[in-house]
Structures are given as C-alpha cells and as structure tokens.
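# got a predicted structure here, sequence first:
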Amino acid sequence: MAFSPKAFHPLMLLFALLLVSQLSNAQTNLPIVPGLSWTFYNTSCPRVEAIIRNRLTQIFQNDSAQAAGLLRLHFHDCFVQGCDGSVLLDGSASGPSEKNAPPNLSLRAQSFTIINELRDLVQRNCGRVVSCSDIVAISARDSVAWSGGPDYRVPLGRRDGLTFATRNETIKNLPPPTSSAGALLAALASNQNLSATDLVALSGGHTIGFSSCFSFRNRLFPQDFTMNLTLAASLRGVCPTNTSTNFTFLDPRTPRRFDNQYYINLVNREGLFTSDQDLFTDVRTSNIVNGFAANQTLFFEEFVRSMVKMGQLSVLTGSQGEIRGNCSARNAPSAVDLASVVREYGSESGSGSGSGSGSGSSATF
Ligand code: HEM
C-alpha cells in the first residue's frame, strides 16, 4: 500500500509527540542546582516563556540569522563567570566590559538589542521579576527549537551579576577557534567542569550561523590539508586573502537548520574551524563525532543534556545578584536600597532603628 500524505501526517504528528514527551521525560532526570527550578516563574510571571517565544518567532521570521546570534550569546555568557548576564553589561568607569573583550566583539549587536527588548516586554507584563540571564537562556532554547532542533525545558531562577569579568578572564574562558581538541578538552574540564561529550555536543551549535574569514584564515593561509580540498577552494573564493573581512556559513550544507549535518561535515573533513575539525581527528572525541553523525536523535539528547548543564554554570540564585531593570547596566541603588544602607550604617553607629527590611528588591526602579 502506498504511503499517502493523508496517512503520513497523523503518524508523523504522533511520532513528534512521542519524541517530545520522551525528551521531556528524559529531562526531568537532569540534575539542577539548588535555587533553580523548572517552575520558577509559575506564579510571578506564568507567561514569560510564551511572551519571549511569540516575539522571537516574529523576529526570526524577519531574519532567521538572529537565532544563531542568541544561541552563541548564551554560551558566551555562561563560560565567563557563569550564566549571570555579565556579557550584557556595558563598560563603566571601573574599566572596559566583558562585552568589549576580543572574543565578544564578534557577537551580534542585534542580540543585545533583542534581549533588552524582550526584557522590556516581560517587565511590562510582570514587573521586574525575570532576570536578563534567564531571558538569554530561554532565547537560546527558542533559537534552537525554531531552527528545527530539540525543544527543551530550561531550569529558571538565575539572578543577574553585579560585575563583569576582566578582559583577561574573558579571553581565558572563551577558547579561540584555532584551539586543538586537546586544548579544548583541558580548558573545558578545568574551567567549566565539562566532559568530552559536552564539548562535542555543544560544538554542534555550529550547525547554524556565520563566521568571518578571520576565524578560519589559519586553515587557508597556509592550506590546512585536513580540510576537504573542494571546501578549501570554495572558502578561498569567499576569503581570497588573509585579511579578507567576508562572512560564510558555519555549516555550508544546511546553514539555517539545526541538525546533525555539522558532524557529517566533520567526518567529510568539511569542518570550518580547527576547533571543529580536530574533534574528528582526536581519538578522545572522534567516536562521539561518529555517533552524532550517524544518529541525530542521540545528538539532540546529548545537546539538551549539555545545554542544561552549561546553562547552570556558576549561576547566582536566591538573594545573590539582582534582577536588572536594564540588561546593559547594573541597577542604580533605589530609594529603598539607599534607605536600608543608611539604616544599616546608622544602626552600626548605634543610632538606627535596627529593623532592616531585607534586600529591598521589590522597590520599583
Ligand atoms: C568549543 C569552543 C568554541 C569555539 C572555539 C567557538 C568559536 C566560534 C567562532 C570563532 C565563531 C565565529 C565568530 C565570527 O568570526 O564571527 C563562532 C560562531 C558561532 N558559535 Fe561558536 N565556538 C565554540 C563553542 C560554541 C558553543 C558551545 C556554541 C553554542 C552551544 C556555539 C555557537 C555558535 C554559533 C551559533 C555561532 C554563529 C553565530 C552567528 O551567526 O552570529 N559555539 N563560534
């Protein structure tokens, strides 16, 4: 019997529902750190995820490339000083920001604008209760899902950091694309406590998005012979000299689709960066690459696991940090905060009322 489109659709729907429920069941077993929760905003802002998804859907429909930018933003936030929104902060009198450190200069300017716009929308609906770092984590998930990747639940409740990292800390924690797999394995193990499987799964983020010639010129000038020669010739068309400033897709085969094609490319020696291709060369990671190239479901499962893990690196929770009113700047001390400082100071010197009111976090800003 022919497999007619009429019979095909309900079956595909059933399959998709089964897959989603399997993924969510698998997810409930994922460990989450104290202070984060799967249901954090259920009472304070129950529609937060719907608000973000609706707005991002409009944005991606206009410009699908923004999805890659938001996914990368979450990675750059989490690897430096934890997922605390520190990458979003503008510089201050105390020094240039993390945002201005070399590895972050190629983040998309629009990603920062989008996060602030989402924060504005959410704040208008719920008040200042949702952190910028949670908005970044939700946006990264929505970017993956919108591009055809797994839709997964994000543990929430992160608070925003009060400081940003120095230039050196930022460089130390965001490895360059010229890194070998060995260097990446060592860096991720010592700085982030992430495994070889996490490294390979997270690198699968390179299934969408763009790169400038600058990031892979080391593989063209001189020619890196681990790169497929046809790809090398086509890349030299885009980047004719080692000072070219053009851009190309990270995954030239399915550039806008979140799938396992990135790993198939690595097996075919069509990875773009040294840090990508070397995952297939190094014996400690090559079998993981082969596994993901052969089985997209396996890749999606491991990607979700590793994203949820990465999304909890050194998070601030409870009364740590703050909920920023503007994702690009620390909150100014509010009248209530100032009053409590004065009270605390006063009570220390023996003249205050002594009834501190806590963090003052409910003050409007
Ligand atoms: C493992 C080490 C990693 C290195 C060395 C690395 C390096 C890079 C570089 C150099 C670019 C291109 C920058 C440019 O020239 O414009 C890039 C783009 C990108 N990276 Fe990574 N990356 C790594 C891990 C990750 C992870 C863990 C994710 C997400 C899970 C990710 C997601 C992306 C995305 C989506 C883009 C495209 C961004 C856009 O189109 O705006 N990367 N990465």
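On my side now, so go ahead.

# which bits of the chain sit near the ligand?
By C-beta under 6 Å from any ligand atom, the part of the chain that sits against the ligand consists of 68-69, 71-72, 75, 106, 108, 175-177, 179, 184, 202-203, 205-206, 208-212, 214-215, 250, 275. In this view, the C-beta of every residue, glycine as well, is placed from N, C-alpha and C.

# which residues are in contact with Ser211?
177, 247-250, 272-273 (C-beta atoms under 8 Å, 6 or more residues apart in numbering).

# show me the residues of the chain next to the ligand that map onto strands.
Within the residues of the chain next to the ligand, residues falling in strands by DSSP state E are 210-212.

# which stretches of this protein have low pLDDT?
In the predicted model of the chain, residues 1-28, 93, 334-365 satisfy pLDDT under 70.

# distance check, the residue nearest the centre of it against Asn228.
Using C-alpha atoms, centre = their mean, the residue of the chain that lies closest to the mean C-alpha position is His74, 2.2 Å off. To Asn228, His74 is 30 Å away according to C-beta to C-beta, to the nearest Å.

# circling back: the residues of the chain next to the ligand, buried ones only, as a PyMOL selection?
Only the buried members of those enter the following PyMOL selection, criterion being 16 or more other C-beta atoms under 10 Å:
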select buried, resi 68+69+71+72+75+108+175+177+179+184+202+203+205+206+208+209+210+211+214+215+250+275
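
# hang on, isn't the residue nearest to the centre of the chain packed against Ile138?
No. Distance between His74 and Ile138: 9.2 Å, which falls outside the contact criterion (C-beta atoms under 8 Å).

# what's the closest non-adjacent residue to Gln81?
In this structure, Gln81 finds its nearest non-sequential neighbour in Ala165, 4.7 Å apart by C-beta to C-beta, 6 or more residues apart in numbering.

# a helix runs through that neighbour, doesn't it?
No. Membership of Ala165 in a helix is not supported by DSSP: H, G, I helix; E, B strand; the rest coil, which gives coil.

# how about Leu89: what's its closest non-neighbour residue?
Leu89 sits nearest to Phe164 (C-beta to C-beta, 6+ apart), 4.6 Å away.

# and for Cys239?
Cys213 (3.5 Å).

# tell me how far the one you found lies from Phe249.
Cys213 sits at a distance of 12 Å from Phe249 (criterion: C-beta to C-beta).

# same check, this time on Ala65
Between Ala65 and Phe249 the distance, using C-beta to C-beta, works out to 10 Å.

# can you check Gly82 too?
Noted for Gly82: a distance of 30 Å to Phe249, by C-beta to C-beta.

# ok, Val267 next?
Distance check for Val267 against Phe249: by C-beta to C-beta, it reads 18 Å.

# who has more neighbours, those two?
Each of Val267 and Phe249 had its neighbours counted (other C-beta atoms under 10 Å), and the higher figure belongs to Phe249 (19 against 15).

# verify the stated contact: the more buried one with Thr207.
No. Using C-beta under 8 Å, Phe249 is not in contact with Thr207, being 10.0 Å away.

# pull the contacting residues for Ser106.
For Ser106, the set of contacting residues under the criterion of C-beta under 8 Å, 6+ apart consists of 212, 215.
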